Structure formats: structure tokens, C-alpha cells
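Undergrad: Here is the input, now give the coordinates:
(chains A and B)
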Amino acid sequence: MTAAKAPGRLGPRWRERGALSLLLGPSVLLIAVFVIAPACYGLYLSFTDTQLTGWAARDPQFVGLENFRHLLGSEDFLASLGRTGQFVFWSAIVGQTVLGMLAALLLRAKWLRGKGLFGALVLLPMVVPEVVASLTWASVLSSDDSGTLNRLLALFGSGAAAPLQDSPMLSVIIINVWRGIALAMIMFQAALEDVPDELIEASRMDGANAFQVFRYVTLPLIRGPVFLYLLLTTITTVGVFGLVYFLTQGGPGQDTELTSIYIFQRAFQYSQIGMGSAASVILLVLLMVLGLTYARLAKVKV
Amino acid sequence: MTHATTAPAEPQVPAGRRSRTPGWKLVQRALQYLLMVLLALFCVAPFAWVVLTAVDADGGPSVTVPTLTLDNFVSFFTDGGTPRLLLNSIIVSFSATALNLACGVFGAYGLSRYKFRGRTAFMFAILLIRVIPPPATIVALYLLMVKMHLDDGYIGLILVEAAAALPITLWLLKGTIDAVPFELEEAAWLDGNTRFGAIRRVVLPLVGPGLGAAAMLTFMAVWGDFLTPLVLLQSPDLYPLSIGLFRSFTAFNQVDWGVLAASAVVYMAPPAVLYLFLRRHLMRSSLGGALKG
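TA: Purely as a prediction, here's the structure:
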């Protein structure tokens, strides 16, 4: 506090330093202990055979790359990576982006009424906690005759379905699309505001149809924000855990066992902490490669 | 609550315009309205069950016309375990948000007003942290917390949640404080304020909106978190609403659907209300800004 007492004078350098470390210290400490340390510790754990319980838990050994060798040869793990890839591609890159873009374009139409309400309703799935999001879909997809989806199907004269049992992956993909439309809409809406109206009107005059205008005028202008969104949504979608775990816990069988769920189960159900950490490291490396690819794509083409 | 979709179902084209608008354009507009209504329905329809069952005297796992009652809410607030869940959620979210803001304001002030080596690197480093998906570090975090004897308690959970939201708070508040003219502070010093006095009397009142946005984002992140409490907490006494809902949902045979739905409504009300009220402000300034970095 001594440094704070003489703020007007340009005191010796260490006084400034003292004030700065007082200001920034708590934040740095919190982030270092509860965010950075676990990440580094996880990296270390991935080279050990640490167990949560049992005799091996007492004396974890350094096993080098053994965990990685095991995982990369393990069908379960590779399949979980494949499912995460599928999940990210269909729900985030295709579903959220397309529907979010449609919603943002709708919000841009000047003659459209009820845009305020529309925007608010689209936001709702993103706003509620993920547990509630899962719970709502549990009732929609209920295999019971009176589940919301089955009621709708009955209207069209179709028989009852049990989507969470029959096509679980498709179900969780749709749920994640539903949850993510809003973020895409917000980001694309902000990007579209920078596209001048005159440009679009001019190309309409030249005879371009709505799709051509979007493809050749609007999209190239908002390429940067679109790639930024793809990067963000890829990161968050790889990290999706609760939304799926709540509904299926990775099942039925292992049909919805994403890598995030695989990690959780390795570590906390089979108590193989080292193996779970190694899986996390592999996931992170893949994510980094993907992120750099996006960054490169965005830069090269802009 | 929000199941009543009232988006106009058909295009309302003023009579005067109809003569000028060509037919294909009308069809196009009708299609766009249809698209808007379908998208809105897709987003809202899943909530029908939660809302209807919460006020249903004998609700089940599916949508039925409710026999109107508020009993589910009454039993939520009076029954054995559930008020405790709400209380735990409130304790953890409020404490974590307060801690996050307290650290964030001073940290952001330091980042904004002091030029030091590695400042930019620090800002980008904490942004990069956000790239790590939570499930990837949760295993090591758990073990670390056990070693520090911080698992299975309020304190540990609060510290973790506050730290997890700090990067966003620091970015948001640094931007806000950057916008406060330094001259104002200098003037306050000349008037006899200490450096911290100037922060309190001059800077804090001016960064209100940024502070509010940071508080909201942090609160909602902590309130909605599922993975961290799932891993860190073992005592049912400490469970927040997210874990409580999960436990009662997976206890499939003896689940009371009415109370479950009522709990879900209570649980989603704070973030939903906060968001819908502050939506315009958020969408424009902070959320977009925070995401764009």
C-alpha cells in the first residue's frame, strides 16, 4: 500500500512495480493456480500411469509415451475422436452456421415485422443453462407416445419413434444446432451491418438474384467474421460435455461417446487419470491444428 | 413462460404496396415469413414441456394439457433437498462473481494504466487459455484440488469458477478502463486523492456498464456450469441446481416430473430474465466485443 500513498510523484521504479503487482497479483495468482497449473499438470499426468484409486494410485510411475501409444491404437478412443469430428462438423460448421446465417439475414430484411420477438426467441436456447436445455429435449425426444416429437409425427400419420435410442448421434447434433443458432446469428448480424446496402442494391440492379448476391457480394465481405465464428464454435463444440452427458451419458452403447465424455469416463469411472490426461492432450493438439488451419484460411483469402 | 409464439403468421403487406410489389416478390416474402416462424418454433417448442409440466398437478415426462396448479413450485421451495440446491447455486454464483469482479477490476486497471514488458503477451496468453476445452483439463484440476484439500467444498468451487471467467472479465474491463481519460484521474490526484481513492471515486463510477456486463457473463457462466461441480463436489449437501437436476433426472424410477420441471423453470429464470432485459445492450457492446476480442 505504500506505493499507493504517493501516486502523484513519479516515485522510484519499484514503487510502480509494487502497485502493479498489488493490482494484477490476485488475477495472475488465480489464473495461474486454477487454470494454468491444471493444464501443465495434465500434460505431466499424461506421461504417467496415475490412477484415481487402487494400489497403483499410491505410486504412479512415469511411463513415457505408453498412454499415447495405447490410445492411438485403441479403437474406442479413435471412434470417440471420429464422433467428435462428426459432431463438430454437422452441428457447428453446417447446422449452426447455416441456420444462424439465415436468421441473421432475416433480421436484416427491412420489411419484416416481428424481428425483435424473433431475435429474443432464437436467443432463448443459448441463454438457459445446458442442463435445462438437455431436459427440455429429453421430453421432446421421449420415446413415449406423448413426447412432443411423437405427437408431431402422429399429426403426419407416422408411427412413434425413439430418436435417442434409434439415432442418438443425430439427436444430439440437432440439439447442439438448436443451442448454437443464437451465437452464430449475433456474430453474423454484427458482420452484416458492415456490408453497405448500396452494394447489394447495385448488384440487384445488375440482375443478380438473392443467392448470387449472397454468394458473390455479401459472403466475401464477411469472410473474416465467418472464419472467426467457425474457430469459436469449433472450440466450444469440442468442449461440449454436459449437454450430451445429461441426456445419454455416452450411450446407448457408446453411440454418443464424444471425446469429452471418453476423457471423463476414463478418468472418473475407470479411474485411469493418466490415460484420460493423455486423451486430453491429443484432443488439444488436434484442436490447435484445426485452429491454425482456420486462421490460415481466413488470412489467405481475405 | 415463453411458449406463446406470437410472430405474425402471414405477410401483412399494406394495400397501397400490393399494386407495386410483383407477385414473385410476395411469394418470396411469404417464404421468408414462413422460415422465420419455423426457426422461432424450432427454438421455442422444446420449452413447452418444462413450462407446461411445471404448472401441472400430475405431469409426466411428456407434453399434456396441464391441470393448473402452483403446487410444484410450492414443493420446490418447501421440500427437503431442493431449497438447498437453490441456496448452493446462489452462494457459489454470487461469491464467484464477486471474487471475479474484485480481482478483475484491479487487474484490468493495472493492465490498462501501466505499460510493462510482456503486457500484450499476457493479454493474448489469457485469451489463448479460452481455447482449451474444459473437459480437457478437468481431470488434472480435480487431482490438483484434492492435493490442495479444496475439493468437495464451496471455497474450491468458487475459486475455480472465478478464475475460469477471469480472462473474459479482464479483457472486457481493460477495454472499458482504456476508454476512461487518464486526465480525470490525474485531476483527482491533484485534489488529494490516493491512487486507489481515484480508482474508487473516478474510474469505478465510469465503468459501470462494462462492470455490469462482466458481472452478468460471469454469473451466467457459473450459474449454468455443470462439469466443474459434477467433478469437484461429492456431498449432496453442496450440490448446486445443475447437479441436483441431473441426479433427479437420472433417478428415473422415482422422479417427480412436476417438481423436476418446476426446478428447471426456477433454474433457468435468472439467466433468461437477465438476458432478455439486457439483450440489446449485450448484443451490441460487450458480448460482441468480448467475442471479437
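
Undergrad: C-alpha from now on. contacts and neighbour counts both.
TA: Fine.

Undergrad: In the stretch 51-200 of chain B, mark out all the helices, start to finish.
TA: Listed in chain order, the helices of the stretch 51-200 of chain B (DSSP state H, counting those that start in this stretch) span residues B:71-78, B:82-113, B:119-129, B:134-147, B:154-178, B:182-190, B:195-198.

Undergrad: can I get those helices in JSON lines with distance to residue B:55?
TA: JSON lines is the format used below for the helices of the stretch 51-200 of chain B (distance: least, CA to CA, whole Å):
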{"stretch": "helix B:71-78", "distance to residue B:55": "7"}
{"stretch": "helix B:82-113", "distance to residue B:55": "17"}
{"stretch": "helix B:119-129", "distance to residue B:55": "43"}
{"stretch": "helix B:134-147", "distance to residue B:55": "35"}
{"stretch": "helix B:154-178", "distance to residue B:55": "32"}
{"stretch": "helix B:182-190", "distance to residue B:55": "54"}
{"stretch": "helix B:195-198", "distance to residue B:55": "51"}
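
Undergrad: what would the ones you listed look like in CSV with mean neighbour count?
TA: Compiled in CSV, the helices of the stretch 51-200 of chain B are given as follows (neighbours: other CA atoms under 10 Å in any protein chain shown):
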stretch, mean neighbour count
helix B:71-78, 18
helix B:82-113, 22
helix B:119-129, 14
helix B:134-147, 22
helix B:154-178, 23
helix B:182-190, 14
helix B:195-198, 18
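
Undergrad: so which of those helices comes closest to residue A:36?
TA: For these, the distance to residue A:36 is smallest for helix B:119-129, at 8.0 Å, taking CA to CA.

Undergrad: which residues are in contact with the closest one?
TA: Helix B:119-129 is touched from outside by A:35, A:36, B:111, B:167, B:168, B:171, with contacts defined as CA atoms under 8 Å, 6 or more residues apart in numbering or on different chains.

Undergrad: could you redo the last one with a cut-off of 6 Å?
TA: Residues from elsewhere that reach helix B:119-129, judged by CA atoms under 6 Å, 6 or more residues apart in numbering or on different chains: residue B:167.

Undergrad: sorry, back to before: of all the helices of the stretch 51-200 of chain B, which one is nearest residue A:69?
TA: Short answer: helix B:134-147, nearest of the helices of the stretch 51-200 of chain B by CA to CA, at 18.6 Å.

Undergrad: near chain B, which residues of the stretch 201-302 of chain A?
TA: Contact residues (CA under 6 Å from any CA of the partner chain) of the stretch 201-302 of chain A with chain B: A:239, A:260, A:280.

Undergrad: secondary structure class for the second one?
TA: I take that to be residue A:260. Following DSSP: H, G, I helix; E, B strand; the rest coil, we place residue A:260 in the helix state.

Undergrad: That one: neighbour count?
TA: Under the neighbour criterion other CA atoms under 10 Å in any protein chain shown, residue A:260 is assigned a count of 27.

Undergrad: out of everything not next to it in sequence, what's closest to it?
TA: With sequence-adjacent residues excluded and distances taken as CA to CA, 6 or more residues apart in numbering or on different chains, residue A:260 is closest to residue B:135, at 5.6 Å.

Undergrad: From residue A:125, how far out is that neighbour?
TA: Using CA to CA, to the nearest Å, one obtains 22 Å as the distance from residue B:135 to residue A:125.

Undergrad: quick one: stretch B:144-156 to chain centroid distance?
TA: For stretch B:144-156, the gap between its own C-alpha mean and the chain's C-alpha mean amounts to 24 Å (CA atoms, centre = their mean, to the nearest Å).

Undergrad: That stretch near chain A anywhere?
TA: No. On the criterion CA under 6 Å from any CA, stretch B:144-156 is out of touch with chain A, staying 6.8 Å away.

Undergrad: I'd like the mean pLDDT over that stretch, please.
TA: Per-residue pLDDT over stretch B:144-156 has a mean of 89.

Undergrad: What are the structural domain limits within chain A?
TA: Following automatic domain parsing, one gets these domains for chain A: A:2-45, A:69-301.

Undergrad: Residue ranges in the stretch 51-200 of chain B under the pLDDT threshold?
TA: Low-confidence regions of the stretch 51-200 of chain B, defined here as pLDDT under 70, cover residues B:58-67.

Undergrad: and what of the stretch 101-250 of chain A?
TA: Counting by pLDDT under 70, the stretch 101-250 of chain A shows low-confidence ranges at A:143-146, A:157-160.

Undergrad: can you give me the helices in it?
TA: Here the stretch 101-250 of chain A has its helices, by DSSP H, counting those that start in this stretch, at A:115-127, A:130-140, A:148-155, A:163-166, A:168-192, A:197-205, A:210-213, A:219-221, A:223-238, A:242-248.

Undergrad: And the helices of the stretch 51-200 of chain B: which comes nearest residue B:271?
TA: Counting by CA to CA, residue B:271 lies closest to helix B:82-113 out of the helices of the stretch 51-200 of chain B; the figure is 11.7 Å.

Undergrad: Please name every helix or strand in contact with that closest one.
TA: Applying 3 or more CA pairs under 6 Å, 6 or more residues apart in numbering or on different chains; DSSP states H and E, we find helix B:82-113 packed against helix A:13-31, helix B:154-178, helix B:208-224.

Undergrad: Dump the shortest one to CSV, restricted to CA.
TA: This file holds the C-alpha atoms of helix B:208-224, laid out as CSV (Å, rounded to 0.1, in the frame of the first residue of the first chain):
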residue,chain,number,x,y,z
GLY,B,208,-20.5,0.8,-14.7
PRO,B,209,-21.8,-0.7,-17.9
GLY,B,210,-18.6,-2.8,-18.5
LEU,B,211,-18.7,-3.9,-15.0
GLY,B,212,-22.3,-4.9,-15.3
ALA,B,213,-21.7,-6.9,-18.5
ALA,B,214,-18.7,-8.7,-16.9
ALA,B,215,-20.8,-9.5,-13.8
MET,B,216,-23.6,-10.9,-16.0
LEU,B,217,-21.3,-13.0,-18.2
THR,B,218,-19.5,-14.4,-15.1
PHE,B,219,-22.7,-15.0,-13.2
MET,B,220,-24.3,-16.9,-16.1
ALA,B,221,-21.3,-19.0,-16.7
VAL,B,222,-21.1,-20.0,-13.0
TRP,B,223,-24.8,-20.5,-12.7
GLY,B,224,-25.0,-22.8,-15.7
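
Undergrad: now that helix and helix A:115-127, what's the angle there?
TA: 50 degrees (axes from the mean of the first three to the mean of the last three CA atoms, to 10 degrees).
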